[in-house]
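Asker: sequence? don't have it. structure:
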């Protein structure tokens, strides 16, 4: 059974930083891509960032480019999302998830995801 343990969410002031962590287990096959998508109340789901397991290729949504950095660690399936210069519009539940692709279509081909970590950016 695939499981994700996400951590690092919380409340931060605008301009602050947070680092999300995700440790996945239970995979019986190699995964293609791991990343993060977010869901804010009343808004559509948004693929934030992803990284390919094959060559380390990364994708970032325009809304976070230059502020967020995704990384991963093997052999444990671990992913990190360093979030800097946070804005109120970054407030959302962030989910760690694997996908078949790492691109603008990342969140359209999700395979497994965790329970989410809440990030609140507010003064």
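Answerer: Received, thanks. Worth saying up front: this structure is predicted, and the values here are computed from it rather than measured.
Asker: contacting residues for the spatially most central residue of the chain?
Answerer: Within the chain, the residue whose C-alpha comes closest to the C-alpha centroid is residue 36; the distance, by CA atoms, centre = their mean, is 1.9 Å. Residue 36 sits next to 20, 22, 48-50, 70, 79, 81, 94-97 when contact means CB atoms under 8 Å, 6 or more residues apart in numbering. Where C-beta positions appear, they are placed from N, C-alpha and C, glycine not excepted.
Asker: what's the closest of those residues to residue 104?
Answerer: Residue 104 lies nearest to residue 50 out of the contacts of residue 36, by CB to CB, at 9.9 Å.
Asker: Can you tell me the element the closest one falls in?
Answerer: Remark: residue 50 resides in strand 46-52, with elements defined by DSSP states H and E.
Asker: Now name the helix or strand holding the residue nearest to the centre of the chain.
Answerer: Assigned by DSSP H and E, residue 36 belongs to strand 33-39.
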